[in-house]
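In: coordinates only, sequence not included:
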């Protein structure tokens with residue numbers, strides 16, 4: 001049996017821990033080496049205890065939701081990766097057409113819950129593969145909708161394990177960004193203010209958006225969603241296609257032939273393949289259009 005590292009020996013078992021856990025099992029790209037420690041806290045108390053233990057060891061953990069917007073390194077990661085998907089679980093119906101959703105709940109599940117209670121506003125989130133925690137953290141959006149349009153408040157946990165409430169204004173949402181990326185803090189839950197409507201009509205809108213997704217996006221292949229942020233005055237997919245890069249391949253990674261805004265794993269792609277693909281696409285688009293594309297994928 002492989003000897004344990006000092007961290008693996010020294011970290012108290014304040015929640016479920018896995019050692020040398022392949023990150024490829026927890027990312028939608030299906031790419032990534034082993035995490036030295038992967039932790040799966042069930043609830044606020046376990047998360048708080050884990051953060052306090054990490055702080056005592058001088059370690060800043062990485063946070064993972066559903067892993068749908070992350071490119072994990074081939075060589076794996078030292079330290080702790082905290083996976084919140086399913087652990088921080090639960091949805092609560094509140095007065096005044098609001099819902100409170102825990103960070104580990106998927107965006108799709110939250111949208112379905114809202115629809116089932118005749119609440120409109122989350123239709124855009126149906127089909128976004130990530131968790132609510134990740135969606136709030138990066139102000140996720142699709143088809144004209146964004147988290148900031150429906151967010152009332154966010155419960156976050158500070159690195160020292162304490163809880164704090166931030167208003168929508170304090171979250172300082174902007175395009176694919178929130179203040180948490182600058183100040184730190186882990187999304188624990190969020191309250192969304194929605195609008196009453198017909199459950200049947202809401203479900204029909206969600207069905208229509210899902211059909212549009214399936215028709216236009218390479219959902220049959222591992223990817224991390226949109227590879228690049230939308231540049232000012234244009235669309236990444238159009239610029240990539242205009243540069244003749246649709247289907248362009250580096251190793252096992254490629255620009256999707258179905259939607260040029262997606263980088264996909266054709267089979268056996270490495271993180272190095274994906275990074276080089278993104279670099280070459282960005283460089284080529286810049287040479288041809290003068291517009292520099294920036295990755296939307298979080299590259300660890």
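Out: Arrived safely. All figures in this text were calculated on a predicted structure; none of them were measured in a lab.

In: hey, where'd the strands end up in the stretch 101-250 of the chain?
Out: Residue ranges of the strands in the stretch 101-250 of the chain, as given by DSSP state E, counting those that start in this stretch, are 119-120, 141-142, 145-146, 151-157, 163-167, 186-193, 195-196, 223-226, 249-250.

In: Residues contacting the second one, please?
Out: When contacts are defined by Cβ atoms under 8 Å, 6 or more residues apart in numbering, strand 141-142 is touched by residues 124, 125, 127, 128, 147, 176, 209. To be clear about C-beta, it is placed using only N, CA and C from the backbone, and glycine gets the same treatment.

In: Model confidence score at residue 258, please.
Out: We note a pLDDT of 96 for residue 258 in this prediction.

In: Likewise for residue 86?
Out: According to the prediction, residue 86 has pLDDT 89.

In: Check residue 67 too.
Out: 95.

In: Distance of residue 287 relative to residue 92?
Out: 51 Å (Cβ to Cβ, to the nearest Å).

In: between the two, who's got more neighbours?
Out: Per other Cβ atoms under 10 Å, whichever of residue 287 and residue 92 has more neighbours is residue 92, with 12 against 9.

In: List the residues that contact that one.
Out: If you count contacts by Cβ under 8 Å, 6+ apart, then residue 92 has 99, 100, 101 around it.

In: Secondary structure element for it, which one?
Out: For residue 92, the element it lies in under DSSP states H and E is strand 91-94.

In: for the stretch 1-150 of the chain, which spans come out with low pLDDT?
Out: Scanning the stretch 1-150 of the chain for pLDDT under 70 picks out 1-2.

In: what do you get for the stretch 201-300 of the chain?
Out: Within the stretch 201-300 of the chain, no stretch falls below the threshold (pLDDT under 70).

In: just the helices in it please.
Out: Secondary structure of the stretch 201-300 of the chain (DSSP state H, counting those that start in this stretch): helices at 236-242, 271-289.

In: Show me the contact partners of the shortest one.
Out: Applying Cβ under 8 Å, 6+ apart, the set of residues contacting helix 236-242 from outside is 226-231, 246, 255, 259-261, 281, 285, 288-289, 291, 293.

In: So which bits of that helix are buried?
Out: Buried residues in helix 236-242, counted by 16 or more other Cβ atoms under 10 Å: 236, 237, 239, 240, 241.

In: cool, stretch 164-183 as well?
Out: By 16+ other Cβ under 10 Å, the buried positions in stretch 164-183 come out as 166, 168, 171, 172, 173, 176, 177, 178, 179, 180.

In: Go through those and flag which are in helices.
Out: Within the buried residues of stretch 164-183, residues falling in helices by DSSP state H are 168, 171, 180.

In: Now render those residues as JSON lines, adding pLDDT and distance to residue 162.
Out: JSON lines is the format used below for these (pLDDT from 0 to 100; distance: Cβ to Cβ, whole Å):
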{"residue": "168", "pLDDT": "97", "distance to residue 162": "21"}
{"residue": "171", "pLDDT": "98", "distance to residue 162": "18"}
{"residue": "180", "pLDDT": "97", "distance to residue 162": "15"}
